[in-house]
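Colleague: Pasting a predicted model and its sequence here:
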Amino acid sequence: MTTYLIVDAGLAIKLIVPHAHRQVYLDLVDQWQQAGYRLCAPSLWAYEVASTFAKMVHFGHLSVTAGRDGLRLAYQLGVELVSPDEEQALQAFAWAERLQRAAAYDGFYLALAETLGAEMWTVDRRLANAVAQPWLRMVEETT
């Protein structure tokens, strides 16, 4: 039986871009890989990751080369991307309503986690607090 973990785009960025707590993320993914988990995300993940690197380059936080390399590294994580079907879109819409959000982006991650019966890992504290479900996990940056 395959055990999936849903990972948001923010977690991928934290894994790749150097920062003070990066090792926390690297250790976490290493633990997941050793345990045999498969990382998964809605196809939206690809757009969010590419857009984040593009923004970082645009605003001078990364060079073009570093942004391109970061995007390549994100794909090397092996995150399985899942295109939403009608049911997933309806679930995402329902999450947007429940969370009183104007957009359903986070809802696609939440809907996929529900569909697969998987934990979802995020770096978005606001989302974790709003959802307040035991299957939504927040990465803690304590070392």
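Modeller: Cool, got the structure.
Colleague: contacts and neighbour counts: CA atoms only from here.
Modeller: OK.
Colleague: ok now stretch 101-121, how far from the chain's centre?
Modeller: 10 Å (C-alpha atoms, centre = their mean, to the nearest Å).
Colleague: Could you pull up the mean pLDDT of it?
Modeller: Mean per-residue pLDDT for stretch 101-121: 96.
Colleague: in it, what's buried?
Modeller: 104-114, 118-121 (16 or more other C-alpha atoms under 10 Å).
Colleague: End to end on that stretch, go ahead and measure it.
Modeller: This stretch, stretch 101-121, spans 20 Å end to end (C-alpha to C-alpha, to the nearest Å).
Colleague: Could you do stretch 79-91 as well?
Modeller: First-to-last residue span, stretch 79-91, C-alpha to C-alpha: 21 Å.
Colleague: residues in contact with it?
Modeller: With contacts defined as C-alpha atoms under 8 Å, 6 or more residues apart in numbering, stretch 79-91 is touched by 38-43, 45-46, 107-108, 111-112, 115.
Colleague: With respect to Trp95, which of those is nearest?
Modeller: Gly107 (5.0 Å; C-alpha to C-alpha).
Colleague: ok, that closest one touching Arg98?
Modeller: No: assessed by C-alpha atoms under 8 Å, Gly107 is found out of contact with Arg98, at 9.5 Å.
Colleague: Against Arg98, how distant is Tyr4?
Modeller: Separation of Tyr4 from Arg98 (C-alpha to C-alpha) stands at 24 Å.
Colleague: do the same with His58
Modeller: Applying C-alpha to C-alpha to His58 and Arg98 gives a distance of 34 Å.
Colleague: cool, and Tyr47?
Modeller: Counting by C-alpha to C-alpha - Tyr47 and Arg98 are separated by 24 Å.
Colleague: So what's the residue count around Gln100?
Modeller: Residues lying near Gln100 (other C-alpha atoms under 10 Å) number 11.
Colleague: which residues touch it?
Modeller: Counted by C-alpha under 8 Å, 6+ apart, Gln100 has zero contacts.
Colleague: Dihedrals phi and psi, it?
Modeller: When read as degrees, to the nearest 10, the backbone of Gln100 gives phi 50, psi 50.
Colleague: Okay, now the unreliable bits of the protein?
Modeller: Low-confidence segments of the chain (pLDDT under 70): 1-2, 142-143.
Colleague: Thanks a lot, see you next time.
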